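*Asks:* Structure of the sequence below:
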Amino acid sequence: QVQLEESGGRLVQAGGSLRLSCVASGRVFSSSVLGWFRQAPGKEREFVANIWWGHGRTNYADSVKGRFTISRSSAENTVYLQMNNLKPEDTAVYYCARNRRGYSTIPNDFDTWGQGTQVTVSS
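*Replies:* Down below sits the predicted model:
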């Protein structure tokens, strides 16, 4: 049973950078997709980025394209989210999630979730 644990969230000024990490305990199969989602107060959880664990193909929400980069380290069983040029509207709890069945951007398709890490961007 895979468990996910995020870290790296904190308060940062607009224009700054953060790198979030998500460590997976247990084996992550190559057919799995690991994703980052975020949820701001009063809003629904939304897709940010995902990556195929096996071949590393990535996909991004339009709102973060060109600013965020998702990557993974098979050796460390970790997926990262590098966030640059952060904006106040990026403020949210960021969640890491796993979908065993493959590609999706829909939260309900992901079967395993971390507890989340808070990112706050001040203006």
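*Asks:* For the residue nearest in space to the middle of the chain, what is the enclosing helix or strand?
*Replies:* Centroid-nearest residue in the chain, with C-alpha atoms, centre = their mean: Trp36, separated by 2.2 Å. Following DSSP states H and E, one finds Trp36 within strand 33-39.
*Asks:* before we move on, back to that, for the residue nearest to the centre of the chain, list each beta-bridge partner.
*Replies:* As for beta bridges, Trp36 partners with Ala49, Cys96 under DSSP bridges.
*Asks:* now Ala92
*Replies:* In beta-bridge terms (that is, DSSP bridges), Ala92 pairs with Val119.
*Asks:* Cross-check the contact I'm expecting between it and Gln39.
*Replies:* Yes. Between Ala92 and Gln39 there is a contact under C-beta atoms under 8 Å: 5.6 Å. For every residue, glycine as well, the C-beta is placed using N, CA and C.
*Asks:* Model confidence at the residue nearest to Gly26 when sequence neighbours are not counted, what's the number?
*Replies:* In space, and not counting its chain neighbours, Gly26 is closest to Val2: 4.2 Å by C-beta to C-beta, 6 or more residues apart in numbering. Val2 carries a pLDDT value of 89.
*Asks:* correct me, but Val2 touches Thr112?
*Replies:* Yes. Counting by C-beta under 8 Å, Val2 touches Thr112, with 5.4 Å between them.
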